[in-house]
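J.: Pasted the sequence and its predicted model underneath.
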Amino acid sequence: MKPRTTSTDSPRRTAAIGLVAVTLTVGATGAAYALATNERPAKQVTAGGVATPAPVVHVVPAPEPATADPLAGAEEYTQERSDAFWGAGYYMEDAFALADLWHVELLEAKGRAGQLLLDGQTVPIAPGASLDLTDPETIGMLESMAYWDAGYTGEDGITLAALWHVDVFEAKATAGNMLRAGQPLPIGPSGTPAP
């Protein structure tokens, strides 16, 4: 057995070094804080030779800045309001636009819009108005949603691909495009359409 010439490979030694480093860091930070908060000025000597104690200065740490609560307005985003918002055909891009318009957090914007819909009022942004219809990714997303929302399945995509002599991805995209345009597909959906 070959003796070790260094013990730096020892997991215990590495852990011990890490523990010592953390302890020193915490200790130094605590000492610096104690010195900063307990520092007192020297006594002042008056003309008569009598030392008067200087006023004690207490350093009060500044309050931490308030951080934005990511769930601010979450209580406004109930399931009923969520169903109203998404059921009206809104997209996430619309929710971001409403949040910008109202200067509120995203969840609060969706909750407010959902409540407006439940109350029969008009939301200032129409469903889908925030979508960039010149963006190929947005068009692809809409085609995909139309395909799946109509109740078509992965197996239906395979059938359409064989029927149209294209790959499955292209078949689903073409089907989604046709569905968005209101055109019928040569086969019906195997699944259940979204409500």
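T.: Structure received.

J.: Kindly state the domain boundaries assigned to the protein.
T.: 74-118, 136-180 (automatic domain parsing).

J.: possible to save these as JSON lines with mean neighbour count and distance to residue 124?
T.: (Each C-beta comes from the backbone N, C-alpha and C, glycine too.) Below are these laid out as JSON lines (neighbours: other CB atoms under 10 Å; distance: least, CB to CB, whole Å):
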{"stretch": "domain 74-118", "mean neighbour count": "18", "distance to residue 124": "6"}
{"stretch": "domain 136-180", "mean neighbour count": "16", "distance to residue 124": "21"}
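
J.: Of all those, which one comes closest to residue 130?
T.: With CB to CB, the closest approach to residue 130 among the domains of the chain belongs to domain 74-118: 4.0 Å.

J.: got a list of what residue 190 touches?
T.: Residue 190 makes contacts with 151-153, 155-156, as judged by CB atoms under 8 Å, 6 or more residues apart in numbering.

J.: from those, which ones fall inside helices?
T.: Using DSSP state H, the subset of the contacts of residue 190 located in helices is 155-156.

J.: now, the most widely separated pair of the contacts of residue 190?
T.: With CB to CB as the measure, no two of those lie farther apart than 151 and 155, at 11.9 Å.

J.: Assign residue 191 to helix, strand or coil.
T.: Secondary structure state of residue 191, per DSSP: H, G, I helix; E, B strand; the rest coil, is coil.
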